[in-house]
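K.L.:
no sequence for this one, just the structure:
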């Protein structure tokens, strides 16, 4: 288990990587503007869910893996979960929302998870 500093650092690194679209290790003015635009309040819940989905898909393969779900839950919990609790939570999420049982969450499955958690309406 980590501390809140490592959680924040992980979040900032993930956000940077999300905005750094070309992966060159720096954020251009264009990338920064596009990143800011993706978080605008006027965007639809669906477009905001897409931003979150792309953010959590840290390897950019178009799917959210169990490992990526674990990373997201670790950050969301402030790293207050034990490894055992985290493993059970990820298993429960995948069991419930991985409808096609391929070991990944596609965008539709992710949206169901967010809707079930009530997060879609807070975006």
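P.N.:
Now that the structure is in, tell me what you want to look at. Fair warning: this is a prediction, and the values are worked out from it, not measured in the lab. Residues are numbered from 1 along each chain as shown.
K.L.:
so, low pLDDT: which residues of this protein?
P.N.:
Applying pLDDT under 70 to the chain flags the ranges 1-11, 39, 41-42, 79, 119-123.
K.L.:
centre-most residue in it?
P.N.:
Centroid check for the chain by CA atoms, centre = their mean gives residue 56 as the closest residue, at 2.6 Å.
K.L.:
quick one, what contacts residue 58?
P.N.:
When the contact criterion is CB atoms under 8 Å, 6 or more residues apart in numbering, the partners of residue 58 are 14, 17, 68, 71. (Glycine included, C-beta is placed from N, CA and C.)
K.L.:
residue 46 too?
P.N.:
The neighbours of residue 46, taking CB under 8 Å, 6+ apart as the test, are residue 111.
K.L.:
begin at 58, not 1, for the rest of this chat.
P.N.:
Sure thing, new numbering starts at 58, so read that last one as residue 103.
K.L.:
surely the residue nearest to the centre of the chain is in contact with residue 125?
P.N.:
Yes. Here residue 113 reaches residue 125: they are 5.5 Å apart, a contact under CB atoms under 8 Å.
K.L.:
how about the contacts of residue 115 in a markdown table, adding distance to residue 97, neighbour count and secondary structure?
P.N.:
Converted to a markdown table, the contacts of residue 115 look like this (distance: CB to CB, whole Å; neighbours: other CB atoms under 10 Å; DSSP: H, G, I helix; E, B strand; the rest coil):
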| residue | distance to residue 97 | neighbour count | secondary structure |
| --- | --- | --- | --- |
| 71 | 20 | 16 | helix |
| 74 | 20 | 15 | helix |
| 125 | 25 | 19 | helix |
| 128 | 25 | 18 | helix |
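K.L.:
reformat those residues as JSON lines; add distance to residue 88.
P.N.:
Written out in JSON lines, the entries for these read as follows (distance: CB to CB, whole Å):
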{"residue": "71", "distance to residue 88": "15"}
{"residue": "74", "distance to residue 88": "11"}
{"residue": "125", "distance to residue 88": "22"}
{"residue": "128", "distance to residue 88": "22"}
